[in-house]
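S.K.: pasting the sequence and the predicted coordinates here, then a few questions.
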Amino acid sequence: MLVDSYVKWRIKDVKQFYVSVNGDETRAATRLAQTINSSLRDEFGSRTVRDVVSGERDKITVAMRETANAEARKIGVEVVDVRIKRVELPVEVSESVFRRMEAERKRVANELRSTGSAESERIRADADRQREVILAEAYREAQRIKGGGDARAAEIYGKAYSADGEFYAFYRSLEAYRSSFKDRSDMLVLDPSSEFFKYMKKSGR
């Protein structure tokens, strides 16, 4: 990981500072930087990336400040503050992480598509089954109603025939004539003596 941090320090013991680093601020800063870098590695090495990024920066900076102060006292300085400014992955690691994330997202997407497709097939099959059941029930009801209507019609025809058989036969023949000659282009080829013309021959009556 790439970590950008800074440290604020001040000289606390001038005598010790001159004895340890000959009063050279650069040498003091170098020693502190080495200490901070070592502390950073220790702290980051004991935590996951999620811990570092999400919510443990304060704990890390406190531990780093304590470690740095222990070393700083040896050269007569005091560490005032240590801060982590930025934490990020190297480019090659980032690309690898992004590829893994992309692969995982694709896997999840494919899994969701598969689940959705299976659910779609289940719903479609259930809808087809319900459609067949509804059609079958509708057909059964239609046949029941039709059967009842046919029975009622037969009953009415029977009563009409019983009341006046001759009139009933005459009426049925008229119905047959109406159906047969409803279109001028219709043509029938029948024997003139056919029963079909029975009432036409008796038109005088």
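M.R.: All right, it came through fine. As the structure is a computational prediction, the values presented were derived from the model and not from experiment.

S.K.: CA only for contacts and neighbour counts going forward, please
M.R.: OK.

S.K.: any idea how the chain splits into domains?
M.R.: Domain ranges of the chain: 2-88, 90-145, 164-205, per automatic domain parsing.

S.K.: let's have the ones you listed in CSV, adding mean pLDDT and mean neighbour count.
M.R.: Below are these laid out as CSV (pLDDT from 0 to 100; neighbours: other Cα atoms under 10 Å):
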stretch, mean pLDDT, mean neighbour count
domain 2-88, 79, 16
domain 90-145, 86, 12
domain 164-205, 69, 11
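
S.K.: quick check, V80 in a helix?
M.R.: No - with DSSP: H, G, I helix; E, B strand; the rest coil as the criterion, V80 is assigned strand and is not in a helix.

S.K.: need the contact list for it.
M.R.: V7, K8, W9, R10, R65 (Cα atoms under 8 Å, 6 or more residues apart in numbering).

S.K.: so the third one: helix, strand or coil?
M.R.: It refers to W9. strand.

S.K.: would you confirm that it contacts D81?
M.R.: Yes - with contact defined as Cα atoms under 8 Å, W9 reaches D81; the gap is 7.0 Å.

S.K.: those strands in this structure, which residues are they?
M.R.: Under the criterion DSSP state E, the chain contains strands at 2-11, 77-88.

S.K.: identify the residues contacting stretch 5-24?
M.R.: Contacts of stretch 5-24 (Cα under 8 Å, 6+ apart): 27-28, 74-86.

S.K.: just put the strands of the chain in a markdown table and tack on distance to K59.
M.R.: Listed next are the strands of the chain as a markdown table, based on distance: least, Cα to Cα, whole Å:
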| stretch | distance to K59 |
| --- | --- |
| strand 2-11 | 15 |
| strand 77-88 | 11 |
